[in-house]
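Peer 1: got a sequence here, can you model it:
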Amino acid sequence: MSQLSIVLGTGILGLAYLAYLALYRLYFSPVSHIPGPILAKLTFWYEFYYDVVLTGQYTFKIRELHKLYGPVIRINPEEVHIADPDFYDVIYTGPTQKRDKWAWFCNQFGIPDSAFASVKHEVHRMRRNALNPFFSKAKVRSLQPLIEDVARNLVSRFEEFKERGDHFKLSLAYAALTNDPDIAEMYALGRNDSRVEAKDFDPSFHDASVVGSTMGHLTKQMPWILSLMQSLPDSAAVIMNPDMASYVKLQRDIKAQIEIIQQHHGSSMYKDAAHKTIFHEILASDLPESEKSPSRLWQDGQVTVIAGTLTTASALSYATYCFLTQPDALKQLRGELQTAIPDPSRLPPLSTLEQLPYLRSCIKEALRLSNGVSSRLQRIDPDKPILFTDKVMKKGKTYVLPPGTPISMTGMLMHTDPEVFEAPEVFNPQRWLDQPGLEKYLVPFARGSRQCIGMDLAYAELYVTLALIFRLYGSREVKMDGDQGYLELYDTQFQRDIEIVGDGITPLNRKESNGLRVRVRDSRQA
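Peer 2: Take a look at the predicted model:
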């Protein structure tokens, strides 16, 4: 057989396979009956174009597709997306219903053995149960002194900038706070390199976290890229892709810290330590030994440290921007805080802060608009079909979604749905006081058995930080007796620096964004 014949034969077989695949996906797939664009049904490259080529635009395209095709659509060859806020709890249900994750989504971060990326319901439950005690509401409330110490360190930095008259990037300072060792890294890894006290708030971790989030659109399509980067020495990885190299280096640093924790476990150093990390306790647990290996634990370490950094920091930044541009909201908040906190050197307990109605409403509104996770999250029922009834386009038609189908919804699209939230683009804390029923549509941490494990820690950071800062500082328009100063925006524009224009798993601002920048002024200054 000639070489030409081999090439031709291979080409014909390839074309035949592609034709078979196209026919299967269009007409014989278990989800072939779900409406959607033909290209999305045929190939994952449709999503690739919007998310990789156009940089995180598929979430916004999905919103457009729902307007064309209705509340249930097929957005790639395997996945079904739903836009019905009242259906959310069916997909993201509690522990009595099995919910697997989709491996295609989970593999994008290079942490397949973490609790976060565990595909099977049973495996996730085992790993999650080992972590749950460290993130319970009671445990988080016991951390209030640590959280408050870090927040007061940030206030000290405010005073430094006030004395010098310098502006600074507050969005980066908030990321340093939420990732400060006392709260995130110390709790998880036992490190003590405070980023709040660093001169520039140490942007390296923040930048690496952003890269790790945004590269997911590429690596879920081409997972071998991340594997290749992980196999290279740092020097070679930097040459190939400097941004991705920073994420890989972050993974290695966390891995090294986990190995140190394991080496010292059981030693006198461990027994005498005043503070034992989450992973010290996991090593002492009755989990199977395979679950305690450094190669697995570092993956949970990464999720624990990174997940709580970008999401909470973005909510703090969004809230601060809105307070500094909406004096009426800030005045109402500060009035409530002044009454509840007569002495700002002593914050009341978290349980008291959580009951302040306007502060609580401000935090809900900041979470709704900042959208810590901007991407869709898939769930799979491995055993039973899920039924969805279209009440909009084909009123009364019920679609059967077979077992094993990845089904998703997008919290950011719910949070900006004008059918649920009137004037959804407006920061309006009052809506939560006037319409308490909106609570069921607020899902910044998802819901169900796989909702974000760090939710209570994030809320604690938000309550303590916002209460302390805005008890001590006002704005040019809102000042009170006893203020330490006031905050003013410095060259910060909503469209350029704050507005969400892309989905990188976490929200993306414009490339030219400088983040939230402020000056701290003396209260006596006009």
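Peer 1: tell me if I'm right that Pro206 and Tyr174 touch.
Peer 2: Just so we're on the same page, residue 206 is His rather than Pro. No: between His206 and Tyr174 there is no contact, the gap being 9.6 Å when judged by Cβ atoms under 8 Å. All C-beta spots, glycine's among them, are computed from the backbone N, C-alpha and C.
Peer 1: quick one: common contacting residues for those two?
Peer 2: Here His206 and Tyr174 share the contacting residues Ala313, scored by Cβ atoms under 8 Å, 6 or more residues apart in numbering.
Peer 1: buried sites along the lengthiest helix in the chain?
Peer 2: Longest helix in the chain, counting residues (DSSP state H): helix 294-325. Of the residues in helix 294-325, 294, 296-324 count as buried by neighbour count, 16 or more other Cβ atoms under 10 Å.
Peer 1: same check, this time on stretch 475-490
Peer 2: By 16+ other Cβ under 10 Å, the buried positions in stretch 475-490 come out as Ser475, Val478, Lys479, Met480, Asp483, Gln484, Gly485, Tyr486, Leu487, Glu488, Leu489.
Peer 1: can you give me the helices for the stretch 201-350 of the chain?
Peer 2: 203-214, 216-219, 224-231, 234-240, 242-264, 268-271, 278-283, 294-325, 327-340, 350-353 (DSSP state H, counting those that start in this stretch).
Peer 1: got a markdown table for the ones you listed, with mean pLDDT and distance to Lys98 too?
Peer 2: Output for those, formatted as a markdown table (pLDDT from 0 to 100; distance: least, Cβ to Cβ, whole Å):
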| stretch | mean pLDDT | distance to Lys98 |
| --- | --- | --- |
| helix 203-214 | 78 | 28 |
| helix 216-219 | 90 | 25 |
| helix 224-231 | 80 | 29 |
| helix 234-240 | 71 | 39 |
| helix 242-264 | 74 | 30 |
| helix 268-271 | 53 | 37 |
| helix 278-283 | 78 | 24 |
| helix 294-325 | 88 | 22 |
| helix 327-340 | 98 | 43 |
| helix 350-353 | 98 | 34 |
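Peer 1: so can I have a markdown table of those helices showing distance to Pro71?
Peer 2: Shown next, in a markdown table, are those (distance: least, Cβ to Cβ, whole Å):
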| stretch | distance to Pro71 |
| --- | --- |
| helix 203-214 | 28 |
| helix 216-219 | 25 |
| helix 224-231 | 34 |
| helix 234-240 | 43 |
| helix 242-264 | 36 |
| helix 268-271 | 54 |
| helix 278-283 | 40 |
| helix 294-325 | 27 |
| helix 327-340 | 33 |
| helix 350-353 | 38 |
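Peer 1: quick one, which of the ones you listed is nearest to Trp432?
Peer 2: helix 327-340 (12.3 Å; Cβ to Cβ).
Peer 1: chain center to that closest one: distance?
Peer 2: 28 Å (Cα atoms, centre = their mean, to the nearest Å).
Peer 1: next, the angle from it to helix 294-325.
Peer 2: Counting by axes from the mean of the first three to the mean of the last three Cα atoms, to 10 degrees, helix 327-340 lies at 110 degrees to helix 294-325.
Peer 1: count the residues that sit near Pro145.
Peer 2: Counted with other Cβ atoms under 10 Å, the neighbours of Pro145 add up to 11.
Peer 1: let me fix that: Gln263
Peer 2: Count around Gln263 with other Cβ under 10 Å applied: 12.
Peer 1: how much space separates it from Lys440?
Peer 2: Separation of Gln263 from Lys440 (Cβ to Cβ, to the nearest Å) stands at 47 Å.
Peer 1: ok, now Gly411?
Peer 2: 13 Å.
Peer 1: and these two? which has more neighbours close in?
Peer 2: A count of neighbours by other Cβ under 10 Å puts Gly411 above the other of Gly411 and Lys440, at 25 against 13.
Peer 1: quick one: the strands in the stretch 101-250 of the chain, in order.
Peer 2: In the stretch 101-250 of the chain, the segments counted as strands under DSSP state E, counting those that start in this stretch are 167-169.
Peer 1: now it, which segments are flagged as low pLDDT?
Peer 2: Along the stretch 101-250 of the chain, segments meeting pLDDT under 70 span 180-193, 238, 243-247.
Peer 1: deepest of the helices of the stretch 201-350 of the chain, which one?
Peer 2: Per residue and on average, the most neighbours among these fall to helix 294-325, with a mean of 24 (mean count of other Cβ atoms under 10 Å).
Peer 1: nearest to Val80, out of the helices of the stretch 201-350 of the chain?
Peer 2: Ranking the helices of the stretch 201-350 of the chain by proximity to Val80 (Cβ to Cβ) places helix 216-219 first, at 19.3 Å.
Peer 1: please compute how far the closest one lies from its chain's middle.
Peer 2: On Cα atoms, centre = their mean, the centre of helix 216-219 falls 16 Å from that of its chain.
Peer 1: that helix - contacts with which helices or strands?
Peer 2: Using 3 or more Cβ pairs under 8 Å, 6 or more residues apart in numbering; DSSP states H and E, the elements in contact with helix 216-219 are helix 224-231.
Peer 1: return the distance of the helix it packs on from the chain's centre.
Peer 2: How far helix 224-231 lies from its chain's middle: 23 Å, per Cα atoms, centre = their mean.
Peer 1: would you mind writing the CA trace of that helix as CSV?
Peer 2: Taking Å, rounded to 0.1, in the frame of the first residue of the first chain, the C-alpha atoms of helix 224-231 are listed here in CSV:
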residue,chain,number,x,y,z
TRP,A,224,-2.7,19.2,28.6
ILE,A,225,-1.5,22.8,28.7
LEU,A,226,-1.6,23.0,32.4
SER,A,227,-0.1,19.6,32.8
LEU,A,228,2.8,20.7,30.6
MET,A,229,3.3,23.9,32.6
GLN,A,230,3.3,21.9,35.9
SER,A,231,6.0,19.6,34.5
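Peer 1: begin at 58, not 1, for the rest of this chat.
Peer 2: Okay, using 58 as the starting number, the last item reads as helix 281-288.
Peer 1: leaving out the residues flanking it, which one is nearest to Asp540?
Peer 2: Counting by Cβ to Cβ, 6 or more residues apart in numbering, the nearest residue to Asp540 once its immediate chain neighbours are dropped is Ser580, at 4.6 Å.
Peer 1: touching, that neighbour and Leu544? I think so.
Peer 2: No: Ser580 lies out of contact with Leu544 (Cβ under 8 Å); the separation is 11.1 Å.
Peer 1: using the three-state scheme, assign the residue nearest to Asp540.
Peer 2: Under the three-state scheme (DSSP: H, G, I helix; E, B strand; the rest coil), Ser580 adopts coil.
Peer 1: and the gap between it and Ile296?
Peer 2: From Ser580 across to Ile296, the span is 51 Å (Cβ to Cβ).
Peer 1: that older thread, tell me the one of the buried residues of stretch 532-547 nearest Thr100?
Peer 2: Minimum distance to Thr100 across the buried residues of stretch 532-547 is 44.6 Å, recorded for Leu546 (Cβ to Cβ).
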